[in-house]
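Chemist: Just a sequence and a predicted model for now, questions to come.
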Amino acid sequence: MAAPHIVKGMVSVAGRSYRIVRIAAAQYQVVRILDDLPVGTFETHPRLSVSAEHLDTKLMVAIARSAMQLAKTSWMGPATRAEERRPTPPPKSQAVSEPPPSGVSH
């Protein structure tokens, strides 16, 4: 089963609004709000790369940069694959139960 697409938010560039949709790890689709038309995609890892479909590449770069600056993308950190992003388990408790003090009745 494919992971659902996640709407990360909206950005406004050059007087138009665009919806940013996460389609895969570090990959996003840009949809123009005015006519609900997908206008391109961008990737944030290992470096920014864009693919424009219905607008100028320079505008697509501006949209992608705006999305990253406004935190509309997920920060992946140095690891990009799911198996490399396993959380570190918390340390086990060092608590040791002590016997009750002598002379205490139960």
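Modeler: Thanks, I have the structure now. Numbering: from 1, shown residues only.
Chemist: A62 sits in which helix or strand?
Modeler: helix 57-69 (DSSP states H and E).
Chemist: got the buried residues for that helix?
Modeler: 59-64, 66-68 (16 or more other Cβ atoms under 10 Å). C-beta coordinates here come from the backbone N, C-alpha and C atoms, glycine included.
Chemist: where in the chain is pLDDT low?
Modeler: Residues of the chain meeting the criterion pLDDT under 70: 1-3, 74-106.
Chemist: if you go through it in chain order, where are the strands?
Modeler: 6-13, 16-24, 27-32, 37-43, 49-52 (DSSP state E).
Chemist: Find the one among the ones you listed with the highest mean neighbour count.
Modeler: strand 27-32 (a mean of 20; mean count of other Cβ atoms under 10 Å).
Chemist: Could I get the CA-only coordinates of it as CSV?
Modeler: The C-alpha trace of strand 27-32 is given here as CSV (Å, rounded to 0.1, in the frame of the first residue of the first chain):
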residue,chain,number,x,y,z
GLN,A,27,10.0,14.9,-2.7
TYR,A,28,7.1,17.4,-3.1
GLN,A,29,4.5,18.3,-5.7
VAL,A,30,3.5,21.9,-6.2
VAL,A,31,-0.2,22.5,-7.1
ARG,A,32,-1.4,26.0,-8.2
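Chemist: quick one: strands adjacent to that strand?
Modeler: Applying DSSP bridges, strand 27-32 is found paired with strand 16-24 (antiparallel), strand 37-43 (antiparallel).
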